[in-house]
Every structure is written in C-alpha cells, then in structure tokens.
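Undergrad: mind looking at a prediction? Sequence and model below.
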4 protein chains.
Amino acid sequence: MKKLGVKERILQTASKLFYFQGFNQTGINQIIAEAGVAKASMYQHFRSKEDIAVAYLIERHAMWMRQLSNFVSVEKDPKDKIISCFDYLIERVTEVNFRGCGWQNIITDLPEDHYKIRNQVLLHKNDVRAWIKATLKEVKEYSNEEADTLGDEIVILLEGAIIQSQIQKDIWPIHSGKSVCKKIINKNIDNYIV
Amino acid sequence: MKKLGVKERILQTASKLFYFQGFNQTGINQIIAEAGVAKASMYQHFRSKEDIAVAYLIERHAMWMRQLSNFVSVEKDPKDKIISCFDYLIERVTEVNFRGCGWQNIITDLPEDHYKIRNQVLLHKNDVRAWIKATLKEVKEYSNEEADTLGDEIVILLEGAIIQSQIQKDIWPIHSGKSVCKKIINKNIDNYIV
Amino acid sequence: MKKLGVKERILQTASKLFYFQGFNQTGINQIIAEAGVAKASMYQHFRSKEDIAVAYLIERHAMWMRQLSNFVSVEKDPKDKIISCFDYLIERVTEVNFRGCGWQNIITDLPEDHYKIRNQVLLHKNDVRAWIKATLKEVKEYSNEEADTLGDEIVILLEGAIIQSQIQKDIWPIHSGKSVCKKIINKNIDNYIV
Amino acid sequence: MKKLGVKERILQTASKLFYFQGFNQTGINQIIAEAGVAKASMYQHFRSKEDIAVAYLIERHAMWMRQLSNFVSVEKDPKDKIISCFDYLIERVTEVNFRGCGWQNIITDLPEDHYKIRNQVLLHKNDVRAWIKATLKEVKEYSNEEADTLGDEIVILLEGAIIQSQIQKDIWPIHSGKSVCKKIINKNIDNYIV
DNA sequence: TATGAATGAGCATTCATTCAT
DNA sequence: AATGAATGAATGCTCATTCAT
C-alpha cells in the first residue's frame, strides 16, 4: 500500500506542486527530485510537462466531482444540493494552503500552445456547469430553459466566489455567493428577502 | 507624437505583453527587443521585472477605473450605473484578443515572493469594490448595511463573469452575471422575474 | 588517457582558471567554454560556482599536502623537515605563472556569503598548522607547549613568505622566512648566527 | 567642515567600500549612490574604477605610515619601535570589521591589466620595508647588511601575521609574529629564550 | 524498463563606461 | 562642473527535453 508505482509517484508529486506552487513555478527537476525518479523515467511515462499537467487536471477533476457530489448528497432537495455547493467551497477555502481553483490558476498564465491543458480546463468547467444544470432540472417548478439559465448564473457565482476568496484570502466571497444563490434559486417571493 | 520616451516605450510594450501573453510568458529580453531599448537602460528605469509589472498594473488600474466610470456616467440612476458595469465588461470581452482580467491573470501563477504585485492586485480589487459600494450608497432605499452586502455580491458576479468569459471565450457569462445583478439590485418584487 | 569525464574536465579547467586568474576574474562562461561543456551539464555536476571552487580547494589541498610531505620526506630530522618546507615553497614560487597561495587569494576578496569557500580555506590553513605542530612534536627536546608555540610562529613565516613573494614577484621573502625559521627552530645558541 | 567636495566624497565612500567589502564586491553604482554623486560626475573626477582604487591606496598608504610612525614614536629605542609595530597591528586587528591588509586584499584577485593598482601595492609594501630597514639602521650594533637582512625578515613576519589574523579571525598570529620578532631582533643571547 | 549525462536556449540582473545636454 | 540617459557585454543560473547505455 505504501510503495506507489513510478507513474503514480510522479503524478502525485506533480499534482501537489502544480496546485500549491503553480504550474510555471514548478520545474521538471523539482518534480523528479521529490518523486525520487530519474528524469528519463519520467519522460517515459509522460511525453511532456504539459502531459503531466493534463493527467493532474483529469485526476483532480474526478476527485473534485466525487467530493462535491458526495458533499451535497446529504441534501435531498436539489435546490439545497446547489446551495450546499457553497458550503463545499467553504470547506475547501478554509483548508490550509488553499490556492484557489486549480483550473483557473493554470489557464491564466499559460504558454500559448498548451492546447491540451486549455482543453482540460474547458472540460472541467463544462462538466461542473452540466452537473449544476442537471441537478436544477430535477426541480419540478423549473422549466428546462429556466434551469439552464439559472445554472449559468450559479456557475458565475461559484467562479466569482472562488477567485475572489483566493485574492482576498478570506471567505466572505463564498458567503456573498451563497447569499445570492439563495435569492435566485427560489421563485417564491418570501425567500427573496434574505 | 510618435517618439515616446524610453520609459514610456518599455512600459507600453511590457503592458501589452504582460496582458496578452502573461507575466511568466513574457521575458525581459522580449520586452527590450520590442521596445527597442538596451537591457541596462531598462534597468535604469525599473529596478526589476516585478517593478515593471507594478507600473503596468497601476496604469491599467487608472485606465480601467476611468473607462468604467466614463462608461457608466451616461446612466443617472446609481442602480443603472451598476448594471451597466456588465455592459462595460461586454465591451471589453468582445475586443479582439481579450485575455480576461489582468489582475486575476497575474496573481494566479506568481512566484511566491512577488509581494508588490500581490499588493497591487488587492488594491485594484478593493478599489473596484469600494466604488461599487459607494455607488450603491447613493441609492436612497438602501441602508448602508444593505449597500455593503449588495456590493460584495455584485463584486462576485463581476469576477465570476469575467473569468468564465475568459475560459469559455464567450460572453454568455457576462449576460448571466448581468441578469443576476438586475434581480438582486431591486428590492421590488416585480423586477424579480427577468 | 586523454579523454577525461565531463566533471573532471570542468574541475581541471576551473582549477587552472581560479588559480591563475582568480575566482572573481573567472566566469562560468569561460569555464564551460574552455572545458568544452554545456552550461547545464556543468550545473548537473556542480550546484554553483562556489561549489566548483570548493572542489578545487579540496583537490588542491590534497595535492599540496601530498607534495609537501613527499618533498620533506627526504629529511629524517623533523627540524629539517620543517626547514625544507621553505625549499618546497621555493620550488612552487619559481614555477612559471606562480600566483601565490590559492587559499589566501580566494578569501581576500570574496562575496560575503560564500561560507563554504571560507570554511575550506580555514580547513586548509589549520591542516597545515596541525601538520607542522605534529612534526615539531617529534623533536625530543621540545615540550608540547614549545612545539605548539613554535608551530604557530612557523606558520606565520610561511604565510608571510608566500604572500610577499607573490607581491614582489621574487623569492627573497622565502629565503628570509627560511632564515628566521632556522634561527628559531634551534634552542642551541650557535645556530643563532645565520 | 561637514560638506565635503564631490571628489572627496567619492574617495571617502569608495575607500570605505573597497576596504570593507572588497574591490570586486564594490560596484561603481554603489559608490555613486552612497556618495550622492551622479555617475558622469564621478567619471569627471576619476577616469576609471581603477583610478579610484589607486587614489584610495595612496591615501590609505599615507594614513597607514603616519599612524604607524605615530604609534611607535613613544618608543625611543629603534628595536622597540620595530617590536611595537606588532602592537600597532593588534590595535588594527581588534578594530570592528577588520578585513586584513588593504593592499594584500586588492592584489590577490585583480583583473590582469590593472597595472596601476599593482604598482601602488608594490609602492606601499616597499615603503614599509624601507622604513623598517631605515629604523633598524639606527641600531648601532647592526651593520648595514645585518639591518637589511633583518628588515626583510621582519617584513615577512608582519605580512604573515596580518593575513593569518584575517583568515583565522584571531590575534594569535600577531602575538606569534611579535614573539619571533623579539627573538631575532636581539643579538644578545639572553633575550633569545622567550 | 530504467537511468545518469548532456544539451541549447533562455532566465533576470549587474557591470564599468560613454554620451548628449 | 555637473548630470540623467543609454549602452553592450557579461554575470550566475534554470529551463524542458533528448540521448546513449
């Protein structure tokens, strides 16, 4: 259980470094040094640094979706599932060394030709967006169009909350996002006044 | 009118490159080559690459605030001023080569010790936030507390809209943000239905 | 016999340059150019310029001690061994391109934070000092205290002789040092008159 | 009395820096910054960095000789004057920030073509040597030849004592040098046993 | 499958000096 | 007499990648 394979060790080390130091701040040398792997061995498993990043993003995506759906699964009402997404964010943001959204971080300052990474970021963001819309469609009172529209709005709230938390090093943005989310998720007027 | 001073040329070139290619993707060599300046001349005007970035952010901040307040000045009602912030974003996002928020982009993958840049990003974000709150406080029906709360919420919407636009290379996030903004800015129930 | 390994070639080239032109006068670029090695190859074998200098000093120390003890081994009497140290110096000083003591030279104008080099210089100087004292302790007529005192005095003579030779580009300082050494090494008065 | 001329300010600043940081460790920029002088003004007063160093060495030489002869002037016996040279060294060495002999330090790691500095170092060393010999010639019991020989020997002791003090960061080398000096300066046998 | 050795291009920064004003 | 602006060359060092074994 202890001794991971070479590829796993590289990916695990790189994932930690890419997220906590940043993609540009992490060199191949640091990865192989901390993973305890020879350089050429690394290039046997991954064709390039970009490919490691792609693997990192894929794994992170799986983990993220799993943890999120896990976290919200305690709620029965789909509306509450969506609202509790913000509580999930709070859990993430209050972790030590929180460094924002791994996908936002990697795409904002990336060599122009790293298409695979750009693609991976889009995949993640669209999966989250799709999951939110699908969840909203479980709400009877919403039409499909209403669910789609509302889904996009909630995506914006989540994105804004997370990046602003990172910049401000504070959780007020999550609370603000959650507050707006609660307002817009209910057609019912009484819920509107927060 | 053509021949700028050396410092201006450096800053102008660096600003373009920092925004359109990213801070890490832009080397000092490219800056001086495109600005047509000797390396040591550059270092006479700026102590470090970080200092150039700070100057870029300061200038961009001034421009951004000026253009924003200019843009919204056609509106009289403070609520409309805030809503038209999203129209300002649309104008920005639809520019060719739109690359998202210069401040978000530079801070998400930055060497740990670049404090001056981090500080500049915070200054910008807080100035925008303060401007929004101040504008909302002109609305009679809001108490100070309501204006502050609402201001934070709108900040989240703007941030989310802009980064999601960048990732999606689309303007639907701005429209979604604006839509939410219109909902929450009015206490009046009738405005709720979009 | 001709084709040395890369590391050996770097060290050999750097040693020559550090000694004959000085540490500050020798740049990494010159070392790799003359060694015929790529820059990154060099940094694979040595973490820094300082580390190359340390390797150079370690190797030079081994050589110096080996040659010295070899040179004086023709003498049986420990006193004569010590005196012939000055003859060893003469051999060194009369070599073409003599540039003084490698350890003195490197430490006198050194960036403040080069601790490893400073440490290496101290190691060398103290090894020489210890060797001299140990040799003197073989002399029956000396008490341990006398040997220690005399050892320190001879160290001073050697140091003074070598640096003054370097400055004057002459060997009279070695002869003067040797002359004093002969005077003080004998308790016997008759030897006092040179 | 406070406001020095530009040239004096440059020389004073450079002298401090050359001695306490080293010649190679001190750049023109630091000199002009700390002297509060424009770069071109500096080059108006001194043709090159080397020329500043020459001026520094000349001034230091004058100061050194003045202070030394002052220090030893309390002694009447020329032998005692010579011996008290070592006490003068002790005074120097125990000063805070003692960094060894300014002339030794500058010559050991110097660009090959800095002839003026090399020359200045020789001038200083030979002046000291001449002064010692002249003082010894006042001793009646010495022949001219004996004074010359002894003078060279004492030069070696002083040089060795000072550089070893610098390396060891200790004053035992001065005491050792002084001890030898006392032994060799007296023909009288009784003084020989320390 | 695994690896240590090697690489060329690039990094940000500093150097002593000169020039136009 | 004094200066701010400008420079080319060099500094030590790191990058992601490839190759020979």
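TA: Ah, there it is.
Undergrad: can you tell me which residues in chain A are near DNA strand F?
TA: Counting by Cβ under 7 Å from any atom of the strand, the residues of chain A close to DNA strand F are A:26-30, A:39-40, A:43, A:47-50. (Glycine included, C-beta is placed from N, CA and C.)
Undergrad: got any ranges where chain A has weak pLDDT?
TA: A:1-3, A:187-194 (pLDDT under 70).
Undergrad: can I get the residues of chain A next to DNA strand F in a markdown table with secondary structure and neighbour count?
TA: Converted to a markdown table, these look like this (DSSP: H, G, I helix; E, B strand; the rest coil; neighbours: other Cβ atoms under 10 Å in any protein chain shown):
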| residue | secondary structure | neighbour count |
| --- | --- | --- |
| A:T26 | coil | 22 |
| A:G27 | coil | 12 |
| A:I28 | helix | 15 |
| A:N29 | helix | 9 |
| A:Q30 | helix | 14 |
| A:K39 | helix | 12 |
| A:A40 | helix | 8 |
| A:Y43 | helix | 14 |
| A:R47 | coil | 9 |
| A:S48 | coil | 12 |
| A:K49 | helix | 20 |
| A:E50 | helix | 18 |
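Undergrad: does A:E34 lie in a helix or a strand, and which?
TA: helix A:28-35 (DSSP states H and E).
Undergrad: and that helix, how far from the chain's centre?
TA: Remark: helix A:28-35 is offset 25 Å from the chain centroid, using Cα atoms, centre = their mean, to the nearest Å.
Undergrad: list of residues touching it?
TA: A:6, A:9-10, A:12-14, A:17, A:38-39, A:41-42, A:49, A:52 (Cβ atoms under 8 Å, 6 or more residues apart in numbering or on different chains).
Undergrad: repeat for stretch A:66-79
TA: A:80-85, A:87-88, A:91, A:131, A:135-136, A:138-139, A:185-186.
Undergrad: what's the neighbour count on whichever residue of chain A sits closest to chain B?
TA: Chain A approaches chain B most closely through A:G160 (2.7 Å), counting by Cβ to the nearest Cβ. Other residues within reach of A:G160, judged by other Cβ atoms under 10 Å in any protein chain shown, total 30.
Undergrad: give me the element the residue lying closest to it once chain neighbours are set aside is part of.
TA: In this structure, A:G160 finds its nearest non-sequential neighbour in B:G160, 2.7 Å apart by Cβ to Cβ, 6 or more residues apart in numbering or on different chains. Assessed by DSSP H and E, B:G160 sits inside helix B:144-168.
Undergrad: which residues touch whichever helix or strand comes after that helix?
TA: Proceeding N to C from helix B:144-168, the next assigned helix or strand is helix B:172-185, under DSSP H and E. Helix B:172-185 is contacted from outside by A:149, A:152-153, A:155-157, A:159-160, A:180, A:183-184, B:79, B:82-83, B:85-87, B:89-90, B:93, B:150, B:153-154, B:157-158, B:160-162, B:164-165, B:191-192, B:194, using Cβ under 8 Å, 6+ apart.
Undergrad: would you mind listing which of those residues are buried?
TA: Buried members of the contacts of helix B:172-185, counted by 16 or more other Cβ atoms under 10 Å in any protein chain shown: A:149, A:152-153, A:155-157, A:159-160, A:180, A:183-184, B:79, B:82-83, B:85-86, B:89-90, B:93, B:150, B:153-154, B:157-158, B:160-162, B:164-165, B:192.
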